[in-house]
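1. got a structure for you, letters missing:
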């Protein structure tokens, strides 16, 4: 019944996704070389939003197997899932640190709108990082020391940073607008984000401290879900320029965008292959199918 929330493994060889093929939503994996997919979870509860560990050995996911939605972990090769969080309240927005030691998540436990927490990946006591921040979309810096997140200031989304060791929330000076979806560049020197000044979201970049803001898109069609290529030269986005939502790839230096998928279906869940040779997305309105598009030759100028 299609692919939902598709995420490539760090080595690009496997795809984790959620599917309702067996009734309830479960976590599955499939080889990028083909073959039958393998079901990793079999609970009657909905298991959702798989997130790979940096070494590709484990997959974190959200599940309401108890009274609340918690973070669980299952071996990517198969095995019994283990519960990582058990706070009273619902968890969301899971992000595994690049060093593999911590898992960040958002919880509504004793919170007005959601706060950011960390828990050791091996299990243990969670640590709260924010208080009533209305936090969403945490993203780790490459050195695993700092997290980007979206917080709410006077009713609008703002991008902030917080140290993984604890400390104050720092709002980045990016100006006005509704901000969302921040991501670190692979070298940690820049960020990419979405900004809505009306009537829809565009994509911009800035230095990691919030200086040097430059919009890559700045027009009516919505551009969202920005993802850096491994070399930091390109950003893939979900764009509505052709009517449906397609995958566009933006040259960060020039701002030029090329749409790389067909305008027939809506495309979601953008992933880069680790070597930057291809973009992988799920395509289709109701029954998503996996699409891989080679982009390396499309993006290389002819000699």
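-> It's in. Note that the structure is predicted; figures quoted are calculated from it, not measured.
2. the strands in the stretch 1-150 of the chain, which residues?
-> Taking DSSP state E, counting those that start in this stretch as the criterion, the stretch 1-150 of the chain carries its strands at 4-8, 14-19, 26-31, 38-39, 47-52, 58-63, 70-75, 82-83, 91-96, 102-107, 115-120, 127-128, 136-140, 146-153.
3. Could you dump the ones you listed into CSV with mean neighbour count added?
-> Where you see a C-beta, it was placed from the backbone N, CA and C, and this is true even at glycine. Output for these, formatted as CSV (neighbours: other Cβ atoms under 10 Å):
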stretch, mean neighbour count
strand 4-8, 20
strand 14-19, 23
strand 26-31, 21
strand 38-39, 14
strand 47-52, 22
strand 58-63, 24
strand 70-75, 21
strand 82-83, 12
strand 91-96, 22
strand 102-107, 25
strand 115-120, 22
strand 127-128, 14
strand 136-140, 22
strand 146-153, 21
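4. Next, the distance between the ends of stretch 161-175.
-> Across its full length, stretch 161-175 reaches 15 Å between end residues, using Cα to Cα, to the nearest Å.
5. what do you get for stretch 185-196?
-> Chord length of stretch 185-196, first to last residue, is 21 Å (Cα to Cα).
6. Can you mark which positions in it are buried?
-> Taking 16 or more other Cβ atoms under 10 Å as the basis for neighbour counts, the residues of stretch 185-196 that come out buried are 185, 188, 190, 191, 192, 193, 194, 195, 196.
7. which ones among the residues you listed are found in strands?
-> 190, 191, 192, 193, 194, 195, 196 (DSSP state E).
8. Closest to residue 11 out of those?
-> Comparing these against residue 11 with Cβ to Cβ picks out residue 192 as the nearest, at 23.2 Å.
9. so the closest one makes contact with residue 207?
-> No - counting by Cβ atoms under 8 Å, residue 207 is not a contact partner of residue 192; they are 11.5 Å apart.
10. thinking again about what came up before, nearest to residue 176 among the buried residues of stretch 185-196?
-> Relative to residue 176, and with distances defined as Cβ to Cβ, the nearest of those is residue 195, at 8.9 Å.
11. pretty sure the closest one is touching residue 215, no?
-> Yes - with contact defined as Cβ under 8 Å, residue 195 and residue 215 form a contacting pair (7.3 Å).
12. overlap in contacts of the two?
-> When contacts are counted by Cβ atoms under 8 Å, 6 or more residues apart in numbering, residue 195 and residue 215 are jointly contacted by 202, 203, 204.
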